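Colleague: with the sequence up front, the predicted model follows.
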Amino acid sequence: MIINIEITQTPDAEKLAALHAECFPAGWDAAAIRDILHTATTRAFVAPDHAGFGLLRVVAEEAEMLTLAVGRSHRRQGIAGHIVAAMYAWAQEQGAHAVFLEVRESNEAARALYRKAGFRETGLRKGYYPTGESTVLMRIDVK
């Protein structure tokens, strides 16, 4: 199945904030999402019907995946993979040499998705979250 991902700086921030809150305990509100997208090299990658989205920022020759969220009722349909692929392609177009991300150590589903997309684990930040959980650093080189 092909999923067309919209790349935009002006998404419906309210809908994205609601989805982010569904997926993460400390979800970002609409104002935070708009603030993140205020920089010229940050984009939202939005799946149809706001089933999922990601935020990516490119600075110099590096890109950082800021978040990736897919609604519970839309998971395991390939949406996250399409969003990640769109982010990778856009980072490449912007001249990035690598894409970085951080993911909760316990989020094995996300870690597996990123490994499948070609990311490799490069480090660990112990006790990163307020709960004391660590975050795994991941990277993929852009070719």
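Modeller: Noted; the coordinates are in hand.
Colleague: would you map the helices across the protein?
Modeller: Secondary structure of the chain by DSSP state H: the helices cover 13-23, 30-36, 79-93, 108-116.
Colleague: nearest to I3, of those helices?
Modeller: In terms of Cβ to Cβ, the element of those nearest to I3 is helix 79-93, at 4.3 Å. To be clear about C-beta, it is placed using only N, CA and C from the backbone, and glycine gets the same treatment.
Colleague: packing partners for that closest one?
Modeller: On a contact count with 3 or more Cβ pairs under 8 Å, 6 or more residues apart in numbering; DSSP states H and E, helix 79-93 meets strand 42-46, strand 52-59, strand 62-70, strand 98-104, helix 108-116.
Colleague: okay if I get the ones you listed as JSON lines plus mean pLDDT?
Modeller: Formatted as JSON lines, the helices and strands packed on helix 79-93 follow (pLDDT from 0 to 100):
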{"stretch": "strand 42-46", "mean pLDDT": "92"}
{"stretch": "strand 52-59", "mean pLDDT": "93"}
{"stretch": "strand 62-70", "mean pLDDT": "93"}
{"stretch": "strand 98-104", "mean pLDDT": "94"}
{"stretch": "helix 108-116", "mean pLDDT": "91"}
